[in-house]
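J.: Need a 3D model of the following:
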Amino acid sequence: MYKAFSPGDLGHGSAFKDAAKIGAEAGYEGYWFSIVGDSKLDVNETKDLLAETGLRAAGFGLPVEFRQDETVFNNDLKNLESYAKYAADIGAKRTATWILPFSDTLTYEENFKLHRSRLKKCYDVLNDYGILLGLEFVGPPSIRRGKKYDFAYNLDQMLELCDAIDKGKCGLLLDVFHWDLAEQTREDFSKITNGQVSLVHINDIPAGIPREEQLDGDRRLPGETGVLKIAEFFEGLKSIGYDGPVVAEPFDKSLSELPFDQAAKKVMDSINKVWPE
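T.: Numbering: from 1, shown residues only. Model prediction:
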């Protein structure tokens, strides 16, 4: 596995052409693309910058809004192939997105059918370009509180959705925050293979707050509080031979108040403190 970054996760909105050298100087080994904006740079320029900085093209966020109405989804789907081609050309063979863990209008079964249908269409386009799609379950109980229907919020449920899209080939985004708050354990890694994991997120959460009250948008730098079982999480990743990108996603507002290079260095320092030998 290797250390990658996305400017947005460091509190900054820089494009690849502006962020690449800063990230490489801070010690990152890969870059997670915001493909809609970053693909405006010519493919050859992107490849040259990757070569110059030594960064790997770690992957990109899925540029399709599948959570809204059919019109929005279809409009985004039309553009997916051009983004997938760009990504494949620069060597970015992974993408990922998150799944909303509730609905006020659709039962679990109805929501499952909708996600399977829409994400299968995305998957088919991506698969033609050899790109692994990863789906992230969102674990905090607080985000489902007061909602009419739950949806897939843990590993087993997400694996069921992945299998419905394409058994053993549609993958996962694993976030230690969601992993812990969904009460997954080290043993649950036995259900996963390296080839299924497209991306890993690491972070921490505030101390002194019950699991049921932890908020999705309130996190900390990796290892900052020691609440999340990140060492155990890394052990699980090592047990499956995970060799993909690891990105810190701390949602720390103070990072945006720092110059980008300082924010990149601060987050890298936190990653290094928890990184397994």
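
J.: what are the phi and psi angles of K3?
T.: phi -90, psi 120 (degrees, to the nearest 10).

J.: How much space separates it from N272?
T.: Counting by CB to CB, to the nearest Å, the gap from K3 to N272 is 8 Å. All C-beta atoms are positioned from the backbone trio N, CA, C, and that covers glycine.

J.: Overlap in contacts, those two.
T.: Common contacts of K3 and N272 (CB atoms under 8 Å, 6 or more residues apart in numbering): G27.

J.: Between these two, which is the more surrounded one?
T.: Set side by side, K3 and N272 show more neighbours around K3, with 21 against 12, by other CB atoms under 10 Å.

J.: That one is in contact with V274, isn't it?
T.: No. Using CB atoms under 8 Å, K3 is not in contact with V274, being 11.0 Å away.

J.: So for the helix or strand containing V247, mean pLDDT?
T.: Here V247, judged by DSSP states H and E, is contained in strand 245-248. The pLDDT scores in strand 245-248 average 98.

J.: any idea where the helices of the stretch 151-277 of the chain begin and end?
T.: Under the criterion DSSP state H, counting those that start in this stretch, the stretch 151-277 of the chain contains helices at 155-166, 176-181, 230-239, 260-274.

J.: For G223, which of those helices is the nearest?
T.: Among the helices of the stretch 151-277 of the chain, the nearest to G223 by CB to CB is helix 260-274 (4.1 Å).

J.: And that closest one, what does it pack against?
T.: strand 2-5, helix 16-26, helix 230-239, strand 245-248 (3 or more CB pairs under 8 Å, 6 or more residues apart in numbering; DSSP states H and E).

J.: now, of the ones you listed, which is deepest in the fold?
T.: strand 245-248 (a mean of 26; mean count of other CB atoms under 10 Å).

J.: Can you list the strands that it pairs with?
T.: strand 2-5 (parallel), strand 197-202 (parallel) (DSSP bridges).

J.: how about the helices in the stretch 1-150 of the chain?
T.: Using DSSP H, counting those that start in this stretch, the helices of the stretch 1-150 of the chain run over residues 16-26, 35-38, 43-53, 70-90, 108-128.
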